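A.B. asks: Build me a structure from this.
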Amino acid sequence: MEVLVQLEVLDVSAVIMDGKAISKEIQTEIADEVSQFVEQSGITPCLAAVLVGDDPASEVYVRNKHRACERAGISSQMHRLPASTSEEELLELIARLNAAEDVHGILIQLPLPASIDTLKVLDAVAPGKDVDAFHPENVGLISQGRPRFLPCTPHGIQQLLDRCGIEVSGKHTVIVGRSDIVGKPMSMLLMAKNSTRGPQAANATVTLCHSRTRNLAEVCRTADVIIAAIGVAKFITADMVKPGAVVVDVGINRTEDGLCGDVDFDAVSQVAGHITPVPGGVGPLTVTMLMYNTLDAAKLTLSGE
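C.D. replies: Below is the predicted model:
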């Protein structure tokens, strides 16, 4: 499948890494594997999503995940709770889902209302059903190089790079942003000795930067690969990028001009060798890797884990 697009007509020198196309490719692979798993085991993988409140963006994300489940042949449940739901009520629902034999993965859609302790809720999800890989037990397993589940966005980025023919082994990767969801786990996946795509998609030399990193632009200019996940619109500018470097934009920022990433796409795309667009880059892969983990969670039920 064609996953790289050269935008010469727009006077852009970088090759665009098409996350939508790669996502469809992986979803087809997952759907085939799900079909085989159901036929052999009689078990249909099931993802239960929990949405508290009526945040419009969260509604969109949950709807996209439901559609992805349908395409992959995965069953899905939607548990919508009002914003007035108490922490105790939410924890009771999670306990029921933990005990449900027909539920293999549990997704808590973030953000939760301010009255609810997010970490307490995420910690309440059974590690074997934690398909977002947020539970401390799963994070610890990742850090030791023996993951149960891989965090969806970092795993999607790893898939994206390798399927676009970009080898990170031995290369300098700079990650801008140290969040628990992207930055930290991304560093662990890239530093690992192996990956779901093989050793060429791991074994990188990683520098993890953040808001207090000194001479950030100078550090970024040493990178073969930059992964921007800082949550600031157009933060990565052309003067921060080494000519020919690979730039992955994880950010989704809503501005007056519409959606944009953490990278100044128009300027950086004339310097970088490869770049992801926003939207259509990393986002679709995050949802797809959730399907990947849900299938793995169903497989764990057969092994008794």
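A.B. asks: rest of the way, CA atoms for contacts and neighbours
C.D. replies: Will do.
A.B. asks: Could I have the CA atoms of stretch 116-126 written out in CSV?
C.D. replies: The C-alpha trace of stretch 116-126 is given here as CSV (Å, rounded to 0.1, in the frame of the first residue of the first chain):
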residue,chain,number,x,y,z
ILE,A,116,-13.0,12.6,39.9
ASP,A,117,-9.5,11.4,40.7
THR,A,118,-8.2,10.3,37.3
LEU,A,119,-5.3,8.3,38.5
LYS,A,120,-7.5,6.4,41.0
VAL,A,121,-9.9,5.5,38.3
LEU,A,122,-7.2,4.4,35.8
ASP,A,123,-5.5,2.3,38.5
ALA,A,124,-8.8,0.6,39.2
VAL,A,125,-8.9,-1.0,35.7
ALA,A,126,-7.7,-4.6,35.8
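A.B. asks: model confidence over it, on average?
C.D. replies: Averaging pLDDT along stretch 116-126 yields 98.
A.B. asks: Ok, stretch 215-222 next?
C.D. replies: Here stretch 215-222 scores 98 as its mean pLDDT.
A.B. asks: How about stretch 164-184?
C.D. replies: When pLDDT is averaged over stretch 164-184, the result is 98.
A.B. asks: can you check stretch 193-206 too?
C.D. replies: Across stretch 193-206, the average pLDDT comes to 98.
A.B. asks: One more: stretch 268-285?
C.D. replies: Rounded mean pLDDT across stretch 268-285 is 96.
A.B. asks: Quick check: end-to-end length of it?
C.D. replies: From its first residue to its last, stretch 268-285 covers 22 Å (Cα to Cα, to the nearest Å).
A.B. asks: what sits up against it?
C.D. replies: 11-20, 22-23, 152-153, 156-157, 160, 236-238, 241-252, 259-261, 265 (Cα atoms under 8 Å, 6 or more residues apart in numbering).
A.B. asks: swap the cut-off to 6 Å and go again
C.D. replies: Outside of stretch 268-285, the residues within contact range by Cα atoms under 6 Å, 6 or more residues apart in numbering are 12-20, 23, 156, 238, 243-249, 260-261.
A.B. asks: again with stretch 200-215
C.D. replies: With Cα under 6 Å, 6+ apart as the test, stretch 200-215 has contacts from 162, 167-178, 190-194.
A.B. asks: Out of the residues you listed, which end up buried?
C.D. replies: Among those, those classed as buried by 16 or more other Cα atoms under 10 Å are 162, 167-169, 172-178, 190-194.
A.B. asks: Just give me the closest of those residues to G145.
C.D. replies: When the buried ones among the contacts of stretch 200-215 are ranked by distance to G145 (Cα to Cα), A192 comes first, at 6.3 Å.
A.B. asks: which ones are touching that closest one?
C.D. replies: Neighbour list for A192: A202, N203 [criterion: Cα under 6 Å, 6+ apart].
A.B. asks: what's the spacing between it and A228?
C.D. replies: A192 sits 20 Å away from A228, going by Cα to Cα.
A.B. asks: is it fair to say Q77 lies in a strand?
C.D. replies: Yes - the assignment for Q77 by DSSP: H, G, I helix; E, B strand; the rest coil puts it in a strand.
A.B. asks: Okay, the residue lying closest to it once chain neighbours are set aside and V103: tell me how far apart.
C.D. replies: Leaving out its chain neighbours, the residue that sits closest to Q77 by Cα to Cα, 6 or more residues apart in numbering is A48, at 4.5 Å. A48 sits 7 Å away from V103, taking Cα to Cα as the criterion.
A.B. asks: neighbours around S115, how many?
C.D. replies: Neighbour count of S115, defined by other Cα atoms under 10 Å: 11.
A.B. asks: likewise L208?
C.D. replies: Considering only other Cα under 10 Å, L208 is surrounded by 16 other residues.
A.B. asks: Can you tell me the SS state at it?
C.D. replies: Secondary structure, three-state DSSP: L208 is strand.
A.B. asks: And the helices in the stretch 51-200 of the chain?
C.D. replies: Listed in chain order, the helices of the stretch 51-200 of the chain (DSSP state H, counting those that start in this stretch) span 56-72, 87-99, 118-124, 136-143, 152-163, 183-191.
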